[in-house]
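*Asks:* I'd like to go over a predicted model; first the sequence, then the structure.
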Amino acid sequence: MEKLMLGFGLMLVFEGVPWFLSPERMRRFVLRLSTLPEGSLRLTGFLSMMAGLLVVYLATGG
């Protein structure tokens, strides 16, 4: 459970850094994302999940 909380905390830090450093650029980025087709967003989400699983696999000694 401790590692899960550590991972969640790190995710929040990494997600928050761009919003802290450049909120206006992030706002424009989100607006641009809202114009992308749903299929592109799904593919990006899927590839992100697979990359995350690969990182976890490698980090745990895979």
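*Replies:* Sure thing, it's come through. Residues are numbered from 1 along each chain as shown.

*Asks:* continuing past the helix or strand where Leu10 lies, what's the next helix or strand?
*Replies:* Leu10 belongs to helix 2-21 when assigned by DSSP states H and E. Per DSSP H and E, the first helix or strand lying C-terminal to helix 2-21 is helix 23-33.

*Asks:* what helices or strands is that next one leaning on?
*Replies:* Under the contact criterion of 3 or more Cβ pairs under 8 Å, 6 or more residues apart in numbering; DSSP states H and E, helix 23-33 touches helix 2-21. No exception for glycine: its C-beta is placed from N, CA and C like everyone else's.

*Asks:* contacts for the helix it packs on?
*Replies:* 25-26 (Cβ atoms under 8 Å, 6 or more residues apart in numbering).

*Asks:* Kindly calculate the angle that that helix makes with helix 23-33.
*Replies:* Angle of helix 2-21 versus helix 23-33, following axes from the mean of the first three to the mean of the last three Cα atoms, to 10 degrees, is 100 degrees.

*Asks:* count of residues packed around Phe8?
*Replies:* 10 (other Cβ atoms under 10 Å).

*Asks:* pLDDT score for it?
*Replies:* Looking at Phe8, its pLDDT stands at 92.

*Asks:* likewise Met5?
*Replies:* 93.

*Asks:* what do you get for Gly39?
*Replies:* 97.
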